[in-house]
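# requesting a structural model of the entry that follows:
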Amino acid sequence: MLFDSHTHLNAEQFKDEIPETVERAKELGVTEMAVVGFETPTIEKSLELSQTYQGIYSIIGWHPTEAGSYTKAVEEKLIQQLTLPKVVALGEIGLDYHWMEDPKDVQDIVFRRQIAIAKEMKLPISIHTREALEDTYKVLKEEDIRSIGGIMHSFSGDDEWAKRFLDLGMHVSFSGVVTFKNAPEVQAAAKVVPLDKLLVETDAPYLAPMPYRGKRNEPGYTRYVAEKIAELREMPFTEIAQQTTENAHRLFRIGAYD
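Predicted coordinates:
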């Protein structure tokens, strides 16, 4: 049993084949997933999916590339939606200096505001950081994130960066990038994250792992991420699968951890 801690089954790429994609995931042992919504349409679709499928949960928030459209009305609606059943975290939120759709100061304000909401609602957060590790770390440290914790989603840093975020109380989640031959730094990070802070994900439909790199990713491919981490750590795949699923349940307060 595997838990895809970050996927976009709500993306347009899946609109005509969601049931089939869920079934293919189950065939590969991926029985649970968190579908991430990051602006109005994807949030609404995430909520719809989590209410429809037993093993699907929602993570919702306002993405840094959408920071300029974050308003009081957006926030009020988001707070309401965060109280709905099966919403397990606030995200993906953070900083994105690659696309730079909005200035850094705007992204920073929206990021910190959503952290405050997560604290008020006692929800963990899912972090998007692209070309912004230093500033993301700075915000999380200044906001004292340990009380709620969260996930460094699709982690792209090295082992030293992983340790810094772990010191703040964060979990570290690896996507298909960890299977790439040209990602030795990410692979090094995957070896040092403590087992109880380790998560796996796809970020589907993006970042498909080997042997599907360059093709559309899907939640079932979480299996290949977990298999690669098991190989890197010289551990049984079943142990990685069991531990990462338990970690997701604990962080998201699912089942016995509710």
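
# put the alpha carbons of stretch 174-185 into CSV.
Backbone C-alpha positions of stretch 174-185 (Å, rounded to 0.1, in the frame of the first residue of the first chain) are rendered in CSV as follows:
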residue,chain,number,x,y,z
PHE,A,174,10.4,12.9,-3.1
SER,A,175,8.9,12.8,-6.6
GLY,A,176,10.1,11.2,-9.9
VAL,A,177,13.2,13.5,-9.9
VAL,A,178,14.8,11.1,-7.4
THR,A,179,14.9,8.4,-10.2
PHE,A,180,16.7,10.7,-12.7
LYS,A,181,20.4,9.9,-13.5
ASN,A,182,21.2,13.6,-13.5
ALA,A,183,19.9,14.2,-9.9
PRO,A,184,22.6,12.9,-7.6
GLU,A,185,22.0,15.7,-5.1
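
# model confidence over it, on average?
Confidence over stretch 174-185, taken as the mean pLDDT, stands at 97.

# now do that stretch: distance to the chain's middle.
Centre-to-centre, stretch 174-185 and its host chain are 16 Å apart (C-alpha atoms, centre = their mean, to the nearest Å).

# now do the strands in this structure.
2-7, 30-37, 56-60, 87-96, 125-130, 150-152, 171-174, 198-200 (DSSP state E).

# and those strands: which comes nearest Tyr137?
When those are ranked by proximity to Tyr137, the top entry is strand 125-130, at 8.5 Å, counting by C-beta to C-beta. For glycine as for every other residue, the C-beta is placed from the backbone atoms N, C-alpha and C.

# please enumerate residues in contact with that closest one?
Around strand 125-130, the neighbours that count as contacts under C-beta atoms under 8 Å, 6 or more residues apart in numbering are 6, 34, 36, 59, 61, 63-64, 89-99, 114-115, 118, 136, 140, 145, 148-154, 156, 170.
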